[in-house]
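Trainee: starting from these lines, generate the structure:
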Amino acid sequence: MPEEKKFIYSLKDVPYISLTDKAKTKFVLGEDILVSFIEQEPGAEFPVHSHECEQILVILEGSEEHEIDGKIIHMEAGDVCVHPANVPHGGHTLTGFKGVDIFSPPRDSHVELMRKHGQIK
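Mentor: Below you'll find the predicted structure:
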């Protein structure tokens, strides 16, 4: 029997997945989009990287010194950064932060993490 399609999620029921020793997230996957509800502890460092998907980061709480395309920008709650595909980005946070990352199409390495943790088949 095919797996039933899920349309509604409660974040309290979505498990955390570790991204680094000080960063964790909850993933929700659609057909052509992946949403990551990311939390980073104070002092967290997210290495500069790039990927083939477009990404939008929305800071909900806290702040981050965000690096994109070689420039460092201070981001706080309410700030949004659009990351084009293949543009290097990363950052570090002194305060810690909570945010939402949106990836289109879904980022392959994150989909693989979901699979590894049994969140999808």
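
Trainee: grab the longest strand from the chain for me.
Mentor: In the chain, assigned by DSSP state E, the strand with the most residues is strand 54-68.

Trainee: got any ranges where the protein has weak pLDDT?
Mentor: Low-confidence segments of the chain, defined by pLDDT under 70: 1-4.

Trainee: quick one: the strands in it?
Mentor: Remark: strands assigned in the chain by DSSP E are 17-20, 23-29, 34-40, 45-49, 54-68, 71-76, 80-83, 89-92, 97-104.

Trainee: so which of those is nearest residue 117?
Mentor: strand 17-20 (5.3 Å; CB to CB). The C-beta positions use only the backbone N, C-alpha and C, and glycine is treated the same way.

Trainee: mind giving me the packing neighbours of the closest one?
Mentor: Using 3 or more CB pairs under 8 Å, 6 or more residues apart in numbering; DSSP states H and E, the elements in contact with strand 17-20 are strand 23-29, strand 45-49, helix 108-116.

Trainee: now the ones you listed in JSON lines, with mean neighbour count and distance to residue 10?
Mentor: Output for the helices and strands packed on strand 17-20, formatted as JSON lines (neighbours: other CB atoms under 10 Å; distance: least, CB to CB, whole Å):
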{"stretch": "strand 23-29", "mean neighbour count": "19", "distance to residue 10": "11"}
{"stretch": "strand 45-49", "mean neighbour count": "13", "distance to residue 10": "27"}
{"stretch": "helix 108-116", "mean neighbour count": "14", "distance to residue 10": "17"}
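
Trainee: output those in CSV, with distance to residue 97 appended to each entry.
Mentor: Compiled in CSV, the helices and strands packed on strand 17-20 are given as follows (distance: least, CB to CB, whole Å):
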stretch, distance to residue 97
strand 23-29, 10
strand 45-49, 10
helix 108-116, 18
